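Engineer: next come a sequence and a model predicted from it.
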Amino acid sequence: MISLKKNASIAVIVIVSAVIFLLQFQYKKTYQPRTYYQVYLDDKVIGIIENKEDLEEYISNQGTLIKNQILEYKEQLEILDNMDSIISKKLKNDSNRDTYLSMKTSYDNLLKIVDEKGSFSSDNIDKVEEYLSTLQVKDALLSSNSIRNYSEVTEQISTNFISVKDEVVDTIEQKKDNLSLSEAEKYQLEMYISKDMGTTSYVKQKYMQNYVVDNAAYEYSENVYSPIGINIEKINTYYASLSEVEEVYQNIISEKPCTIEGYQFRIKKSEDKQLPKSISTGALLLEGNDYLFSTETDDVIIYVTDEKVFNDAVEKLEIVFSGTEEFEQYKKGTQSEITDTGARINDVYVEEEITVKKTNISISEKIYNDADELSNFLLYGENKSEKVVYASIGDNVLSLATKNGISVEELFLSNPTVTGINNIFYDKQPIIIAQTNPKINIVVEQFTVADEKIEYKREEKYDSKLNMGVEYVDQEGKDGLERVSRNVRKVNGQISFVEPVSNVTLKQPQNEVVLIGTKEVPSIGSLKSWFWPTNSGYVISSYYGWRKYPFGSRREFHAGLDIAGTGYGSPVYATNNGTIVSIKSEKWNYGNSIMIDHGNGYYSLYGHMSRFQKGLKEGTVVARGQIIGYVGDTGAATGPHLHFEIRNCTRYSCVMDPLPFLRK
């Protein structure tokens with residue numbers, strides 16, 4: 001009996017031990033830590049998922065879905081645009097057609113002043129009411145600055161569009177044989193009807209257009225990746241509240257857009273110095289500005305899908321500023337040697353430092369996939385402003401550029417048929433006016449050889465036997481000819497530096513000799529002729545008129561002529577008899593400069609000279625053609641040249657175009 005009880009006790013102990021062992025095993029099995037993945041966006045927890053590959057695959061698949069949606073919308077938009085074109089061009093004098101086109105215009109205008117929630121500025125309430133009336137929406141509840149039932153209004157607009165357009169399309173279908181539709185247009189009509197596009201309102205059409213534009217980046221890449229800032233970390237835990245992959249994706253894109261592979265180009269900008277208003281390079285200052293120009297130090301960041309897009313865009317600009325044939329020969333190394341006259345490119349390059357790196361780009365960024373579009377941005381900036389004006393017979397290049405606020409170089413750039421400064425316009429000739437806003441500087445360095453006229457000089461001889469003011473030509477003047485060689489540096493088509501290389505006289509000029517009756521050198525200059533202020537072999541590197549400021553990003557009105565090419569230290573001549581009223585040296589502005597009062601209502605100014613002729617001071621009377629200084633690059637100058645002005649008073653605001661005086 002005792003043995004039985006003992007055996008029973010042992011059995012109970014064994015059973016209990018077995019149960020405890022099994023329970024412990026089951027406990028350990030149930031609460032063994034598991035591996036999951038915690039998703040962070042910029043250190044913020046977005047969710048916990050079971051497999052990170054699932055999220056990556058889901059994001060990639062979403063990119064494919066969006067890409068397919070874009071292609072589908074593009075196809076539909078092409079059909080809708082073709083149908084709108086047929087309605088606009090082929091169906092005339094139809095009230096439904098006019099109503100439909102008017103509704104399109106009103107809806108476009110409404111979208112410009114009403115946001116996606118129906119809010120608008122209170123001063124636009126009259127316009128909103130007008131547009132809604134045209135859109136046949138009569139019962140919109142308007143407060144001072146919102147459409148209170150905007151979703152219902154939008155739905156009503158959609159219904160009205162469909163109704164009106166259906167009637168218009170029905171009319172075209174009925175009259176298609178009498179509307180002279182081409183075979184292509186008949187096919188477009190059939191596509192519109194067969195694909196049941198009549199159910200697409202103009203509201204939906206605008207949505208599709210915006211969708212294609214907003215998601216264009218998805219077309220550029222085979223793969224779509226997580227946004228920048230996503231971090232997925234492996235975690236081991238006994239318990240986790242798992243999220244669905246779709247839920248995590250929606251949380252991510254609500255914060256940040258996805259990315260695609262591409263390249264980032266950084267154009268490094270050098271810092272512009274902020275100069276005080278008193279500093280000038282011979283250009284009119286805008287009153288009320290504290291500084292001559294604002295700083296522009298931010299680097300330009302450009303995103304492209306492929307390095308080739310950027311390189312091709314830059315090359316397109318190099319071709320623009322070099323010439324197509326000339327650039328091709330330069331690249332191939334097939335430029336001909338200059339035997340008499342001509343030009344040869346020495347170098348073409350981008351002035352700024354540019355870096356590139358492969359990276360993931362947010363699709364919210366502007367991403368370029370087309371070299372033409374990018375080259376247009378690099379030359380004109382984001383908002384290209386372009387208009388057409390019509391020239392008159394009496395216009396010249398300088399006057400046309402000046403009155404439209406652009407430089408001569410910009411006029412040449414937008415109008416390839418305008419070939420030179422002496423171009424003659426026909427009446428009502430269309431001219432494109434476009435201001436450049438370059439993001440990079442294309443430098444073209446050339447060696448040029450040209451045969452140029454040596455203008456004869458007017459030599460004045462004073463005859464004490466003749467009364468003062470009496471003058472006559474004793475010897476007729478004849479122009480000469482010289483062969484001039486130069487190294488020329490242009491930045492975005494504008495001359496920035498000229499270095500004379502050689503100057504060979506082919507034909508000597510014969511001076512015009514004029515006898516002037518006077519017993520002394522008069523301080524009053526002639527109104528009939530003005531002496532050219534430099535030697536021959538010159539080039540006008542900047543005309544009177546609008547130009548891009550050579551030391552920064554702003555635009556300025558250049559108040560005189562920049563005459564370069566005669567060489568550093570070459571003579572500067574007084575353009576007419578007169579009295580020196582100013583002779584000074586400045587660190588900036590005109591540098592070493594002289595102003596002469598000619599006593600006939602006009603003043604001349606000579607800037608950037610390297611030094612003055614000895615013996616000159618304020619009050620000195622100088623003669624026409626007398627050396628007063630020497631060409632230099634003092635003050636705000638990019639290279640050796642003479643800045644020459646004509647004024648009708650001493651003030652800066654009295655500047656005039658010097659060329660008409662010098663050509664008298």
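Structural biologist: That came through, no problem.

Engineer: tell me the buried residues in the longest helix along the chain?
Structural biologist: For the chain, the longest helix by residue count, based on DSSP state H, is helix 52-90. Using 16 or more other Cβ atoms under 10 Å as the test for burial, helix 52-90 gives 52, 55-56, 58-60, 62-63, 66-67, 70, 73, 76-77, 79-80, 82-84, 86-87, 90. Every C-beta, even on glycine, is put in place using the N, C-alpha and C of the backbone.

Engineer: do stretch 235-251 as well
Structural biologist: Buried-residue list, stretch 235-251, by 16+ other Cβ under 10 Å: 240, 243, 245, 248-249, 251.

Engineer: ok, the nearest residue to residue 134 once chain neighbours are set aside to residue 627 distance?
Structural biologist: What sits nearest to residue 134 in space, not counting adjacent residues and going by Cβ to Cβ, 6 or more residues apart in numbering, is residue 106, at 4.0 Å. Going from residue 106 to residue 627 by Cβ to Cβ, to the nearest Å gives 72 Å.

Engineer: next: residue 529.
Structural biologist: Taking Cβ to Cβ, one finds residue 529 at 19 Å from residue 627.

Engineer: which of these two has more neighbours?
Structural biologist: More crowded of residue 529 and residue 627, by other Cβ atoms under 10 Å: residue 529, with 18 against 13.

Engineer: can I assume that one is in contact with residue 458?
Structural biologist: Yes: between residue 529 and residue 458 a contact is recorded at 5.7 Å, counting by Cβ atoms under 8 Å.

Engineer: A helix includes residue 128, no?
Structural biologist: Yes: Residue 128 forms part of a helix when assessed by DSSP: H, G, I helix; E, B strand; the rest coil.

Engineer: how deep is it tucked in, by neighbour count?
Structural biologist: Residues lying near residue 128 (other Cβ under 10 Å) number 21.

Engineer: that one and residue 121 touch, don't they?
Structural biologist: No: judged on Cβ under 8 Å, residue 128 makes no contact with residue 121 at a distance of 9.6 Å.

Engineer: where does the prediction get shaky in the stretch 251-400 of the chain?
Structural biologist: 270-297 (pLDDT under 70).

Engineer: which residues in it form helices?
Structural biologist: For the stretch 251-400 of the chain, the helices defined by DSSP state H, counting those that start in this stretch cover 307-322, 324-332, 371-380, 397-403.

Engineer: circling back: any idea which helix or strand comes after the longest helix of the chain?
Structural biologist: On the C-terminal side of helix 52-90, the closest following helix or strand by DSSP states H and E is helix 95-113.

Engineer: buried sites along that following helix?
Structural biologist: Residues of helix 95-113 classed as buried by neighbour count (16+ other Cβ under 10 Å): 96-97, 99-101, 103-104, 106-107, 110.

Engineer: how far off helix 52-90 does that helix point, in degrees?
Structural biologist: Using axes from the mean of the first three to the mean of the last three Cα atoms, to 10 degrees, the inter-axis angle of helix 95-113 relative to helix 52-90 is 140 degrees.

Engineer: who are the packing partners of helix 95-113?
Structural biologist: helix 52-90, helix 125-134, helix 150-175, helix 202-214 (3 or more Cβ pairs under 8 Å, 6 or more residues apart in numbering; DSSP states H and E).

Engineer: please tabulate the ones you listed in TSV, including the columns distance to residue 321.
Structural biologist: As requested, the helices and strands packed on helix 95-113 are exported to TSV (distance: least, Cβ to Cβ, whole Å):
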stretch	distance to residue 321
helix 52-90	35
helix 125-134	45
helix 150-175	48
helix 202-214	31
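
Engineer: now the ones you listed in CSV, with mean pLDDT and distance to residue 549?
Structural biologist: Below are the helices and strands packed on helix 95-113 laid out as CSV (pLDDT from 0 to 100; distance: least, Cβ to Cβ, whole Å):
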stretch, mean pLDDT, distance to residue 549
helix 52-90, 91, 43
helix 125-134, 90, 40
helix 150-175, 90, 48
helix 202-214, 90, 35
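
Engineer: of these, which approaches residue 487 most closely?
Structural biologist: Checking the helices and strands packed on helix 95-113 against residue 487 by Cβ to Cβ gives helix 202-214 as the closest, at 47.1 Å.

Engineer: list the buried residues of the closest one.
Structural biologist: 202-205, 208, 212.

Engineer: nearest to residue 337 among those?
Structural biologist: Among those, and counting by Cβ to Cβ, the member closest to residue 337 is residue 212, at 53.2 Å.

Engineer: hmm, back to that, tell me what angle the longest helix of the chain forms with helix 202-214.
Structural biologist: Inter-element angle recorded for helix 52-90 and helix 202-214: 130 degrees (by the same axes, to 10 degrees).

Engineer: list the helices and strands helix 52-90 packs on?
Structural biologist: By 3+ Cβ pairs under 8 Å, 6+ apart, helix 52-90 packs against strand 34-41, helix 95-113, helix 150-175, helix 183-194, helix 202-214, helix 245-255.

Engineer: for those, which one sits closest to residue 523?
Structural biologist: helix 95-113 (64.4 Å).

Engineer: show me what the closest one is in contact with.
Structural biologist: 84, 87-88, 91, 120-121, 124, 127-128, 130-132, 134-136, 157, 160-161, 164-165, 167-168, 171, 202-203, 206 (Cβ atoms under 8 Å, 6 or more residues apart in numbering).

Engineer: quick one, which of those residues are buried?
Structural biologist: 84, 87, 91, 120, 124, 127-128, 131-132, 134-136, 157, 160-161, 164-165, 168, 171, 202-203.

Engineer: let me know the pLDDT of the spatially closest residue to residue 622 that is not a sequence neighbour.
Structural biologist: Closest residue to residue 622 in three dimensions, ignoring its sequence neighbours and counting by Cβ to Cβ, 6+ apart: residue 574, at 4.5 Å. The per-residue pLDDT reported for residue 574 equals 96.

Engineer: the one 5 residues further on too?
Structural biologist: pLDDT, the model's per-residue confidence, is 94 for residue 579.

Engineer: same check on residue 496?
Structural biologist: Model confidence at residue 496, given as pLDDT, is 91.

Engineer: buried residues in the helix or strand harbouring it?
Structural biologist: Residue 496 is located in strand 494-507, with elements delineated by DSSP H and E. For strand 494-507, burial by neighbour count (16+ other Cβ under 10 Å) applies to 494-500, 503.

Engineer: give the helix, strand or coil label for residue 15.
Structural biologist: What three-state DSSP gives for residue 15 is helix.

Engineer: measure the residue nearest to residue 130 when sequence neighbours are not counted to residue 152 for me?
Structural biologist: Distances taken as Cβ to Cβ, 6+ apart place residue 106 nearest to residue 130, at 7.7 Å, with adjacent residues excluded. Residue 106 is 18 Å from residue 152, where distance means Cβ to Cβ.

Engineer: likewise residue 132?
Structural biologist: Residue 132 sits at a distance of 12 Å from residue 152 (criterion: Cβ to Cβ).

Engineer: likewise residue 518?
Structural biologist: 92 Å.

Engineer: which one of those two has more residues nearby?
Structural biologist: With neighbours defined as other Cβ under 10 Å, residue 518 and residue 152 compare such that residue 518 has more, 19 against 14.

Engineer: just checking, that one touches residue 462?
Structural biologist: Yes: the pair formed by residue 518 and residue 462 meets the contact definition of Cβ under 8 Å, at 5.0 Å.

Engineer: sorry, back to before: ok, which pair from the buried residues of stretch 235-251 is furthest apart?
Structural biologist: The largest distance within the buried residues of stretch 235-251, taken as Cβ to Cβ, falls between 240 and 249 and amounts to 18.3 Å.
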